[in-house]
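Colleague: Got a predicted structure here, sequence first:
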Amino acid sequence: MTRTTGRRLPWARTVFWLYVATLMLPLLWMFGMSIRPNEDILGSFSLVPQRVTFDNYVTFFTDSSWYSSYLNSIVYTSLNAVMSLIVALPAAYAFSRFRFAGDKHLFFWLLTNRMAPPAVFLLPFFQIYQSVGLFDTHLGVAIAHMLFNVPLAVWILEGFMSGIPREIDETAAIDGYSLPRFFVRIFLPMIRSAIGVTAFFCFMFSWVELLIARTITSVNAKPIAATMTRTVSAAGVDWGLLAAAGVLTIVPGAIVIWFVRNYIAKGFALGRV
Amino acid sequence: MSEQSTGAVQADEPRPALKRKDNRAWWLVLPVVVSVAFTAVIPLMTVVNFSVQDVFSPVDRVFVGLEWFRSISRDPEVRAALVRTLLFSAQVLLLEIPLGVALAVVMPRRGLGVSVALVLVALPLLIPWNVVGTIWQIFARGDIGLGGWTINNVLGVNFNYTLDSTDAWITVLLMDVWHWTPLVALLAYAGLRSIPEPYFQAAQIDAASAWATFRHIQLPRLRGVLTIAVLLRFMDSFMIYTEPFVVTGGGPGNATSFLSILLSKIAVGQFDVGPAAAFSLLYFLLVQILCYVFFTVLTRSGR
Amino acid sequence: MVWTVPTALVFAGLVVLLAAMAVWGRISPPVARRGFLRIETDRGDRLYIGLISAAVVLAGWIAVTDLSMWLALGCALLVALVIGRWG
């Protein structure tokens, strides 16, 4: 009998799925609101929508200020994940394989930047990104989000890389592989899952961040999250449209996590996170 | 650092041979240093410079010394916000860490259930923070939200987070538990999965109870991942901004006005550059200390 | 960025300090030991703890008393020194 789980409690399954159901309640409620007309939402309380309409979604996909900000978010988030990975990969390798002057302190310093409250950086970010011409660009937001994603990426990747025996590096060196060639041809494929998990975390933290993204954008790179604060108008809050936008912002994340779900379970165990 | 933290996760594996000492490794780290310098060091320098000046415009500014630090550190509103934030972080850790571990223990380990469970549990983490705020803003409303409506009409308790301070606090806390417990659960789950099989077989032979197995086999092996979970949850709850801002806007009154909400009110709302910068630095200092203490205690205890 | 002389001096000081630590580390590599802080630290760790503690002294001072900040600076440097030497 192969058990990788240890002893299971008899009621574990029930408790777990009950929790998941509770977890989903607020989400389902939001979905329910997104397919109801506004009069119904505010008019009377009912568990099940009385009239079902997809007008809110239609509005979202026909109004360019909505769908273009949605695209903006996707663009800068992807850009950020790629850039963070490119920068973090060699660094994580260095931390996992070598000792060098100040390595421990550099590592902690990186982490402290992950800890810095984003609110602290609002003022300087606004100024700096304006003066270097990155204000209101996708690249600008992607770079700004490297503030917290690069340290995190280094941290996760280093954990994974430390789990890979150093003998592999040495064998490759004896076989005549140069470091860059070894890294790209042998090492990267070995840590595929780590890269997947890291990309997922970078994507996630960049996708959900609002404060910085909102501060350094105005129109062209405006994130969807910022557009959502716009629904408060003279006529009150457009709850239906807001809920529809909310539902749609969950979709990319759900897709991404579906792809890395196996890596997450397997990967978490090796990596630090 | 790297040896220590790796040791935390893989405490029982034989210690690997010493790493090669090679200062050329700095070349590999250079891109990270440069990018973080651009995104963190330069802004930090700017903040430091702002904090000692009264800036009317880029050309019109006066050096005021430590005046902003004095006024901010003595501001009763700031102090109240600090107490509130610390209290919130403490409550978040006390609720989310045990709940997350418990959840990880009961999570499925085989079959299709694993994928579905992972995706569903991780879902709240993927939602933009202001949408989380929106969800709860809707959900907790007494008239149109399922949560608020249930409390008001089924439990018969008068609940209104826009008027009552306690209700607002509870709403924000519940929201954070809903939002972030999955992170703790995923980390703990990963930690549990990494425990080698022989440990459990030994426990089975000894006919250990489920609780004893958890207490003596699973929990000690979770120290590494729990370190990370506590650190991450502490940092993020201490910096929480978007979710309470959307739900309560810091109100009613100042009931849920945490440090970052107050800070961004001063920085962006009133555009008081100097005081905001001084505030930022004190805030940053505090986060540094607390995290260093956490980190040291958690990675070095038991050694 | 709108520099002032004091802030420039502070940052220059930090850079010099880091450079000095790097040079010192080259001449004689740091050794980890246990002092009155009861945790294993090498000199870089103690420098960090010392600087942070000095900052705490300054911040605490300004939050509670109107006494001269030069006095606070003296105390802060003393604290940093004690931690660096015996911590």
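Modeller: Thanks, I have the structure now.
Colleague: Work out for me the element the residue in chain C positioned nearest to chain B sits within.
Modeller: Residue nearest to chain B within chain C: C:A63 (3.7 Å; CB to the nearest CB). For the C-beta atoms, the positions are set from N, CA and C on the backbone; glycine is no exception. Element membership for C:A63 (DSSP states H and E) is helix C:43-64.
Colleague: So what touches that helix?
Modeller: Applying CB atoms under 8 Å, 6 or more residues apart in numbering or on different chains, the contact partners of helix C:43-64 are A:102, A:104-105, A:108, B:66, B:69-70, B:73-74, B:282, B:285, B:288-289, B:292, C:17, C:21, C:24-25, C:30, C:35, C:37, C:41, C:67, C:69, C:71-73, C:75-77, C:79-81, C:83-84, C:87.
Colleague: Point out the ones among the residues you listed that are inside helices.
Modeller: Taking DSSP state H as the definition of helices, the contacts of helix C:43-64 contribute A:104-105, A:108, B:69-70, B:73-74, B:282, B:285, B:288-289, B:292, C:17, C:21, C:24-25, C:69, C:71-73, C:75-77, C:79-81, C:83-84.
Colleague: near chain B, which residues of chain C show up?
Modeller: Taking CB under 8 Å from any CB of the partner chain as the measure of proximity, chain C contacts chain B at C:1-4, C:6-7, C:10-11, C:39-40, C:48-49, C:52, C:55-56, C:59, C:62-63, C:69.
Colleague: what residue lies at the spatial centre of chain C?
Modeller: In chain C, the residue lying closest to the centroid (CA atoms, centre = their mean) is C:L51, at 2.7 Å.
Colleague: Look up how far C:V5 lies from that residue.
Modeller: Distance, C:L51 to C:V5, using CB to CB, to the nearest Å: 21 Å.
Colleague: do B:I151 as well
Modeller: Counting by CB to CB, the gap from B:I151 to C:V5 is 59 Å.
Colleague: Likewise for B:A210?
Modeller: 66 Å.
Colleague: Mind jotting down where the strands sit in the chain?
Modeller: No chain specified, so I'll use chain A. In chain A, strands defined by DSSP state E lie at A:98-99, A:232-233, A:236-237, listed in chain order.
Colleague: Chain B is the one I meant
Modeller: Going by DSSP E, chain B shows strands at B:20-21, B:53-55, B:61-63.
Colleague: if you compare these, which one is most tucked away?
Modeller: When those are scored by mean count of other CB atoms under 10 Å in any protein chain shown, the highest mean neighbour count falls to strand B:53-55 (a mean of 19).
Colleague: returning to that earlier point: could you tell me the model confidence score at the residue of chain C closest to chain B?
Modeller: Looking at C:A63, its pLDDT is 88.
Colleague: still on that earlier bit, what about B:I151 and C:V5, which has more around it?
Modeller: Of the pair B:I151 and C:V5, B:I151 is the one with more neighbours under other CB atoms under 10 Å in any protein chain shown, namely 19 against 8.
Colleague: Just list the residues touching the closest residue to B:V157 other than its chain neighbours, thanks.
Modeller: Closest residue to B:V157 apart from its sequence neighbours, by CB to CB, 6 or more residues apart in numbering or on different chains: B:I151 at 5.5 Å. Contact analysis of B:I151 by CB under 8 Å, 6+ apart lists B:142, B:157, B:159.
Colleague: do you know how far B:I151 is from chain A?
Modeller: 13 Å (CB to the nearest CB, to the nearest Å).
Colleague: where's that residue relative to A:S68, distance?
Modeller: 39 Å.
Colleague: ok, now A:W207?
Modeller: Here A:W207 is placed at a distance of 17 Å from A:S68 (CB to CB).
Colleague: More neighbours: which of the two?
Modeller: Applying other CB under 10 Å to A:W207 and A:S68 shows that A:W207 carries more neighbours, namely 28 against 15.
Colleague: burial measure for the closest residue to the more buried one other than its chain neighbours, as a count.
Modeller: Nearest non-adjacent residue to A:W207, counting by CB to CB, 6+ apart: A:T77, 4.9 Å away. For A:T77, the neighbour count with other CB under 10 Å is 28.
Colleague: now the one 4 residues further on
Modeller: For A:A81, the number of neighbouring residues by other CB under 10 Å comes to 25.
Colleague: OK, contacts around it?
Modeller: Residues counted as contacts of A:A81 (CB under 8 Å, 6+ apart) are A:149, A:199, A:202-203, A:206.
Colleague: Which of these fall in helices?
Modeller: A:149, A:199, A:202-203, A:206.
Colleague: Skipping its backbone neighbours, what lies nearest the residue of the stretch 1-150 of chain B found nearest chain A in space?
Modeller: Here the stretch 1-150 of chain B gets closest to chain A at one residue, B:L126, 2.6 Å apart by CB to the nearest CB. If the residues on either side of it in the chain are set aside, B:L126 comes closest to A:G253, at 2.6 Å by CB to CB, 6+ apart.
Colleague: now that neighbour: how far from B:P124?
Modeller: Distance of A:G253 to B:P124, given as CB to CB: 10 Å.
Colleague: One more: A:D63?
Modeller: 27 Å.
Colleague: Please say which of those two ends up with more neighbours.
Modeller: Using other CB under 10 Å as the criterion, A:D63 and B:P124 rank with B:P124 on top: 22 against 13.
Colleague: Let me see the contact set for the more buried one.
Modeller: Contact analysis of B:P124 by CB under 8 Å, 6+ apart lists A:23, A:27, B:132, B:178-180, B:182.
Colleague: Could you dump those into TSV and include pLDDT and distance to chain C?
Modeller: Shown next, in TSV, are those (pLDDT from 0 to 100; distance: CB to the nearest CB, whole Å):
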residue	pLDDT	distance to chain C
A:L23	90	39
A:L27	89	42
B:V132	89	33
B:W178	94	34
B:H179	93	31
B:W180	92	27
B:P182	90	33
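Colleague: Please indicate which of these are buried?
Modeller: A:23, A:27, B:132, B:178-180, B:182 (16 or more other CB atoms under 10 Å in any protein chain shown).
Colleague: and the two most separated of those residues?
Modeller: Checked with CB to CB, the buried ones among the contacts of B:P124 reach their widest spread between A:L27 and B:W180, with 15.2 Å between them.
Colleague: show me where chain A has helices.
Modeller: Using DSSP H, helices in chain A cover A:12-34, A:38-43, A:55-62, A:64-97, A:103-115, A:122-131, A:138-162, A:167-174, A:179-182, A:188-190, A:192-208, A:211-215, A:224-228, A:239-270.
Colleague: Can you tell me which of those is most buried?
Modeller: Among the helices of chain A, ranked by average contacts under mean count of other CB under 10 Å, first place goes to helix A:138-162 (a mean of 25).
Colleague: And it, what does it pack against?
Modeller: When contacts are defined as 3 or more CB pairs under 8 Å, 6 or more residues apart in numbering or on different chains; DSSP states H and E, helix A:138-162 packs onto helix A:64-97, helix A:103-115, helix A:122-131, helix A:192-208, helix A:211-215, helix A:239-270, helix B:2-9, helix B:26-36.
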